[in-house]
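Trainee: Just to be clear, the model below is a prediction. Sequence and coordinates:
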Amino acid sequence: MGCFGCFAPAARRGAGDLKPSKLAHHCTDDDSVADAQRKVAPDVGSGCAHSFTFKDLLVATGYFNEANFIGEGGFGKVYKGKISKTNSQMVAVKQLARESVQGRKEFLVEVLMLTVLSHPNLVSLVGFCAQGDERLLVYEYMPFGSLESHLFDVPHGKPPLDWNTRVKIAVGVAEGLSYLHNVADPPIIYRDMKAANILLDEDFSPKLSDFGLAKVGPVGDRTHVSTRVMGTYGYCAPDYVVSGKLTMKSDIYSFGVLLLELITGRRIYDASRPKPEQSLLTWSRPFMHDKRKFHRLADPALRGSYPPSALNQLVVISIMCLQDQPHVRPIIADVAIGLNHVASQPYASLASMGSPAYSGSPQYSRTPSRRRGGSGGSRRVSQYAS
């Protein structure tokens, strides 16, 4: 396993550590939208999430006042709001476009997923609204927005993410993905890993958001899920793009892309750069093939403030995740072990001691989730927006 060989194996959890999941009954591949609608109502009504009226959310967002606008994605706009029904809780309200059929399907999947999944590195669903033609999702409010807004096109005068914070984010994302792959029962394939979908709280702890494209993973003797290819350009695994066969290792490839973005500070594709540098994977390949050139991958904004050995280890983990053949990619539990090892070597400088991700953070002492075998830029902040 390359750089993972020196790490202890991930701890296995007993069956008693896993909570039975309603997803097995609700999110099967052949569920129609109508079936899912009938199934959502009784579960959500049992207290998993609040069912809001459209008027509740009108009031919460100041009638969708532009001053509360956070961002916009492919299926609708997102607004900040305050819900009086939940002790004046600050929330983010995603209003799906009425004409979007795909958006309606993703609404149902997301409600189903987030009402039965719970982890510190997954965004929490506060509630939803399904009234008439209106479809809205209400999430916990993440004050620092998306990773995308902190990693790319950082405004002049705003400090870039330091090394320790980047590693902390990578660890948290891996832990969230490990929960989906190894603890959720049946396992979940996230399918939409990208910087815009990683939200940050006031301590820069990351949370995976936007579960509209998530799929229940293969169970039993099945090795993959056959599905229409969906996702974001550059993040999708090549084997998935070619075959339509979705596996846990599809998520691993996407994570490798995200990790490379954290290392380099570059988008997976950036048309504003010279043509040879527009594709991050094409530009980085010569450096990834020569360990002596790994340092050239480091984001210039870091100004050399990182441990060279830790940078090398992070690059190796990214390389392993980005293998063309899915069976060669590591499982997420091993990735989490490797990242926790990197996190145990924080960059200690006067500047980083004031960083929210400095080594005293509990993020660094977290034990990875149990293993499960098997192969398997100028737009406004797109918080909660696909």
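Mentor: Perfect, thanks for sending it. Residues are numbered from 1 along each chain as shown.
Trainee: Now do the domain split for this structure, please.
Mentor: With domains defined by automatic domain parsing, the chain comprises 31-140, 144-365.
Trainee: distance between the longest one and the chain's centre?
Mentor: This points to domain 144-365. 9 Å (Cα atoms, centre = their mean, to the nearest Å).
Trainee: cool, and the shortest one?
Mentor: Centre-to-centre, domain 31-140 and its host chain are 18 Å apart (Cα atoms, centre = their mean).
Trainee: Same list, the domains of the chain, but as a markdown table with mean neighbour count please.
Mentor: In short, each C-beta sits where N, CA and C put it, glycine included. Below are those laid out as a markdown table (neighbours: other Cβ atoms under 10 Å):
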| stretch | mean neighbour count |
| --- | --- |
| domain 31-140 | 18 |
| domain 144-365 | 19 |
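Trainee: Dump the helix or strand hosting R104 to CSV, restricted to CA.
Mentor: Secondary structure from DSSP states H and E places R104 in helix 101-114. As requested, the backbone C-alpha atoms of helix 101-114 are provided in CSV (Å, rounded to 0.1, in the frame of the first residue of the first chain):
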residue,chain,number,x,y,z
VAL,A,101,-37.0,17.9,-12.8
GLN,A,102,-33.6,16.8,-11.8
GLY,A,103,-33.6,19.2,-8.9
ARG,A,104,-36.8,17.6,-7.6
LYS,A,105,-35.2,14.1,-7.7
GLU,A,106,-32.2,15.4,-5.9
PHE,A,107,-34.4,17.1,-3.3
LEU,A,108,-35.9,13.7,-2.4
VAL,A,109,-32.6,11.9,-2.3
GLU,A,110,-31.1,14.6,-0.1
VAL,A,111,-34.0,14.5,2.4
LEU,A,112,-33.8,10.7,2.6
MET,A,113,-30.0,10.7,3.0
LEU,A,114,-29.6,13.4,5.6
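Trainee: immediately after it, which helix or strand?
Mentor: Next in line after helix 101-114, if elements are assigned by DSSP H and E, sits strand 125-131.
Trainee: Residues in contact with that next one: which ones?
Mentor: Here strand 125-131 makes contact (Cβ atoms under 8 Å, 6 or more residues apart in numbering) with 37, 44, 49-54, 56-57, 83, 86, 89, 91, 107, 110-111, 114-115, 135-140.
Trainee: Tell me the strands beside it, with direction?
Mentor: Using DSSP bridges, strand 125-131 pairs in its sheet with strand 50-51 (parallel), strand 134-140 (antiparallel).
Trainee: could you give the angle of that strand to helix 101-114?
Mentor: Here strand 125-131 points in a direction 140 degrees away from that of helix 101-114 (axes from the mean of the first three to the mean of the last three Cα atoms, to 10 degrees).
Trainee: From G73, how far out is V59?
Mentor: Going from V59 to G73 by Cβ to Cβ, to the nearest Å gives 24 Å.
Trainee: just A184 next, same as before
Mentor: From A184 to G73 the distance is 24 Å (Cβ to Cβ).
Trainee: Just read off the phi/psi values of the spatially closest residue to Q325 that is not a sequence neighbour.
Mentor: With Cβ to Cβ, 6 or more residues apart in numbering as the criterion, Q325 has its nearest non-adjacent residue at 7.5 Å, and that residue is D239. With angles defined as degrees, to the nearest 10, D239 sits at phi -70, psi -40.
Trainee: Find me the pLDDT at D239, would you?
Mentor: The model reports D239 with a pLDDT of 91.
Trainee: So it is in contact with K245, correct?
Mentor: Yes: in terms of Cβ atoms under 8 Å, D239 counts as a neighbour of K245; the distance is 7.0 Å.
Trainee: So for those two, which residues contact both of them?
Mentor: In contact with both D239 and K245: no residue, using Cβ under 8 Å, 6+ apart.
Trainee: how about the helices of the stretch 1-150 of the chain, start to end?
Mentor: All helices of the stretch 1-150 of the chain, identified by DSSP state H, counting those that start in this stretch, fall at 23-26, 33-43, 54-60, 101-114, 147-151.
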